[in-house]
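**Student:** 3D model of this:
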Amino acid sequence: MFRMWGADVVNMTTVPEVVLAKEAGLSYTSIALPTDYDCWKDTVVDQQGVLAVFASNVSRVKTLIVNVVGKIGKENWEDMIKTNQDLAANSIIMGSQGDRK
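**Tutor:** Residues are numbered from 1 along each chain as shown. The predicted model follows:
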């Protein structure tokens with residue numbers, strides 16, 4: 001199915017985490033590093049191969065985090081924090097007092 005859609009990668013979803021973060025008024029991002037293509041390619045995937053790719057991703061993710069955190073630290077996040085807090089405060093759904101038991 002995903003091949004028919006032209007997809008290159010299928011990942012584990014981060015939807016529950018991002019929804020909960022938004023409800024809490026938190027900015028959120030994720031980093032995904034593929035380790036294998038067991039659902040796509042006609043190749044055998046084994047633990048040794050997955051761990052080798054994972055190990056090669058370590059330096060990539062370290063570089064990414066160092067570069068991104070430096071840039072994040074230079075930004076003024078006051079407006080975004082306020083927007084997130086307002087969104088969280090205004091997204092609370094509460095029933096009437098009669099609904100609570």
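**Student:** C-alpha only now, for contacts and for neighbours.
**Tutor:** Noted.
**Student:** what's near enough to touch the residue nearest the centre of the chain?
**Tutor:** Central residue of the chain (CA atoms, centre = their mean): residue 30, 2.9 Å from the mean position. Residue 30 is in contact with residue 14, counting by CA atoms under 8 Å, 6 or more residues apart in numbering.
**Student:** quick one: what helix or strand has it in it?
**Tutor:** Assigned by DSSP states H and E, residue 30 belongs to no helix or strand.
**Student:** So what does it look like in phi/psi?
**Tutor:** Backbone geometry at residue 30, expressed as degrees, to the nearest 10, gives phi -140, psi 160.
**Student:** what's stretch 57-73 in contact with?
**Tutor:** residue 33.
**Student:** Only alpha carbons, please: show it as PDB.
**Tutor:** Below are the C-alpha coordinates for stretch 57-73, written out as PDB (Å, rounded to 0.1, in the frame of the first residue of the first chain):
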ATOM      1  CA  ASN A  57      23.200   7.200  13.100                       C
ATOM      2  CA  VAL A  58      24.700   8.200  16.500                       C
ATOM      3  CA  SER A  59      27.200  10.700  15.200                       C
ATOM      4  CA  ARG A  60      24.500  12.200  12.900                       C
ATOM      5  CA  VAL A  61      22.000  12.700  15.600                       C
ATOM      6  CA  LYS A  62      24.700  14.200  18.000                       C
ATOM      7  CA  THR A  63      25.700  16.700  15.300                       C
ATOM      8  CA  LEU A  64      22.000  17.500  14.600                       C
ATOM      9  CA  ILE A  65      21.200  18.100  18.300                       C
ATOM     10  CA  VAL A  66      24.300  20.200  18.900                       C
ATOM     11  CA  ASN A  67      23.500  22.400  15.900                       C
ATOM     12  CA  VAL A  68      19.800  22.700  16.600                       C
ATOM     13  CA  VAL A  69      20.100  23.300  20.400                       C
ATOM     14  CA  GLY A  70      22.500  26.200  19.700                       C
ATOM     15  CA  LYS A  71      20.000  27.800  17.300                       C
ATOM     16  CA  ILE A  72      17.100  27.200  19.600                       C
ATOM     17  CA  GLY A  73      19.000  28.900  22.400                       C
END
